[in-house]
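J.: sequence and predicted structure, then a few things I'm wondering about:
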Amino acid sequence: MRENGRVGYAHLLTVPNPRHVDSLVDYFSRGAKPSSQWRFGVEIEHIPVSNDGSDAPVPYEGERGIEALLSALEPYYDGDAEYREDGHLVGLSRPGCVVSLEPGSQVECSLGVVRDRQGFEDLYRRFRAEVDPIAERLGFRLVEYGYRPAGSYADVGVNPKERYAVMNTYLGRIGQCGPMMMRSTASTQISIDYRDESDAIAKIRLGTAIGPILAYFFRNTPVFEGSPNRLPLRRQRIWDWLDPQRTGLTPGLFDDGFGWEDYAVDVLSTPLMVADVSRTPEVEGPEGKQVFIAWHENAGDIYPDRRLNDAEIAHILTTHFNDVRLKNYIELRHWDSLPMQRAGRLLEIVGGIFYDPDRFTRLTGFLDGIDEENVLQTKADLQVRGGQACPYGRPLDFWRQVLGAEDTMDGLPGDPENTGRFQD
């Protein structure tokens, strides 16, 4: 598909529609920004738990549920930018803050665009100042852990978002980890900008390589299904086993010449899982549905033979859950949900790594020559050996220093390697 004759990964996969590939490449290109405009986006997912001493899950429905929380929050947000599905309130928006729900009614706040840690903390404090008193009045609180602190995932219902009903059916047929992810996990995600294609791929590679190390330093899952958690990267383990077609590492990422087109080919060649034709006037789904399951169909089977619009592209990209995801920015997705001070410190570290040219060059030099197998080995090494792991042949103290993470305190109560808890 490339004019230079390089086939890339198209020969390994169902060859997607060339117009669709061009659409995604153009979308990535339009996200490029000069370094003077580089900023951050931060997303933190919160697990709602009962205040009755049980830490039990909080349902979406009812006078003391998550819909009641969103309804009480409405006056603080733009009434013209609320999100409803089948008459149910599922999200709110205003400049600088979008509140949405994950499948198990985890409450996510997306904050940005921010210049620095202070900008993030200002927005986050406002969000918590508004939401916490309401939740307290309703009898629950929002906690920041990588996994729900009490109860089984099987006891948690899926909220009314149509997309999640489809995901529940699809992932529920694949294995246990899909329902676990949907109902009981929570994350911190940081988004960064890129200058051009070369810069984007270099950042995705570095983020993929160091993400597990930072995830270990910032791990925050003390309990799993009511017992002390024994896997340092528990949430990552769930995601890696979720659906190998759309999670983990991007195939071919570390190969010479990998570029935006290769990323597009991988995404477009993967079954959609969730098909959304709400912005596709030429297509009507089965029984008139706009959102429906796609067991085997990829984008070329669903969308017309034309350039994709931005809404279609955005949906297609969100059906992939790579450790580092490319949209018209780069989304770093490795980390457990974190309280504000830990998330703010992580944001500082990410900024120092990806936005300081000298440090970025130094780090990419340390990791020159690594491949997909090396990253998978590092993930396994951290899971099995914890503090004794040697990612890419170097001890964790080395990585603390070069990543600027010397002051991070990893470990939580219940963690067998506990070294003290980072205090807010």
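T.: Structure's in. What do you need? Quick caveat, the model's predicted, so the values are computed rather than measured.
J.: what's near enough to touch Ser187?
T.: Ser187 makes contacts with Glu43, Ile44, Glu45, Gly146, Arg235, Arg333, Trp335, Asp336, Ser337, as judged by Cβ atoms under 8 Å, 6 or more residues apart in numbering. Bear in mind the C-beta positions are built from the backbone N, C-alpha and C, glycine included.
J.: same question, Tyr83
T.: Contact analysis of Tyr83 by Cβ under 8 Å, 6+ apart lists Leu89, Val90, Gly91, Leu92, Ser93, Ser100.
J.: before we move on, which element is His334 in?
T.: Counting by DSSP states H and E, the secondary-structure element that holds His334 is strand 330-336.
J.: what about Asp305, helix or strand, and which?
T.: When elements are assigned from DSSP H and E, Asp305 belongs to no helix and no strand.
J.: quick one on the thing from earlier: show me what the strand holding His334 is packed up against.
T.: Judged by 3 or more Cβ pairs under 8 Å, 6 or more residues apart in numbering; DSSP states H and E, strand 330-336 is in contact with strand 187-192, helix 197-217, strand 324-326.
J.: from the contacts of Ser187, which is closest to Arg128?
T.: When the contacts of Ser187 are ranked by distance to Arg128 (Cβ to Cβ), Ile44 comes first, at 10.0 Å.
J.: that closest one: neighbour count?
T.: Using other Cβ atoms under 10 Å, Ile44 has 26 neighbouring residues.
J.: got phi/psi on it?
T.: With angles defined as degrees, to the nearest 10, Ile44 shows backbone torsions of phi -130, psi 130.
J.: for it, which non-adjacent residue is spatially closest?
T.: Using Cβ to Cβ, 6 or more residues apart in numbering and skipping the chain neighbours, the partner closest in space to Ile44 is Thr188 (5.3 Å).
J.: list the contacts of that neighbour.
T.: With Cβ under 8 Å, 6+ apart, Thr188 has these contacts: Val42, Glu43, Ile44, Glu45, Glu144, Phe218, Trp335, Asp336, Ser337, Leu338, Ala343, Leu346.
J.: assign a three-state SS to the closest residue to Asn159 other than its chain neighbours, would you?
T.: In space, not counting the residues next to it along the chain, Asn159 is nearest to Tyr60; the distance is 4.2 Å by Cβ to Cβ, 6+ apart. Under DSSP: H, G, I helix; E, B strand; the rest coil, Tyr60 falls in the coil class.
J.: distance-wise, check the nearest residue in space to Ser337 that is not next to it in sequence relative to His46.
T.: The shortest distance from Ser337 to any residue that is not its chain neighbour, by Cβ to Cβ, 6+ apart, is 3.8 Å, and that residue is Ala186. Spatial separation of Ala186 from His46 under the definition Cβ to Cβ, to the nearest Å is 6 Å.
J.: what touches both of the two?
T.: Residues within reach of Ala186 and of His46 at once, by Cβ under 8 Å, 6+ apart, are Gln106, Glu144, Ser337.
J.: right, and the first one touches Ile44 too?
T.: I take that to be Gln106. No - between Gln106 and Ile44 there is no contact, the gap being 10.0 Å when judged by Cβ atoms under 8 Å.
J.: circling back to that earlier point, so between Ala186 and His46, which is more surrounded?
T.: Between Ala186 and His46, counted using other Cβ under 10 Å, Ala186 has the larger neighbour count: 26 against 21.
J.: who's in contact with the more buried one?
T.: If you count contacts by Cβ under 8 Å, 6+ apart, Ala186 has them with Glu45, His46, Ile47, Glu102, Gln106, Glu144, Tyr145, Gly146, Tyr147, Arg148, Asp336, Ser337.
J.: same deal with Ala311?
T.: With contact set as Cβ under 8 Å, 6+ apart, Ala311 has these partners: Ser278, Arg279.
J.: check Gly175 too.
T.: Contacts of Gly175 were listed using Cβ under 8 Å, 6+ apart, and they are Trp241, Leu242.
J.: could you do the one 4 residues further on as well?
T.: Shown here is Pro179, whose contacts under the criterion Cβ under 8 Å, 6+ apart are Tyr153, Ala154, Asn168, Leu171, Gly172.
J.: biggest separation within the residues you listed, which pair?
T.: In these, the most distant members under the criterion Cβ to Cβ are Ala154 and Leu171, with 13.8 Å between them.
J.: would you format the helices and strands packed on strand 330-336 as CSV with distance to Thr270 included?
T.: Converted to CSV, these look like this (distance: least, Cβ to Cβ, whole Å):
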stretch, distance to Thr270
strand 187-192, 21
helix 197-217, 17
strand 324-326, 13
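J.: and these: which comes nearest Tyr27?
T.: Comparing the helices and strands packed on strand 330-336 against Tyr27 with Cβ to Cβ, the closest turns out to be strand 324-326 (9.5 Å).
J.: what helices or strands is that closest one leaning on?
T.: If contacts are counted by 3+ Cβ pairs under 8 Å, 6+ apart, strand 324-326 sits against helix 197-217, strand 330-336.
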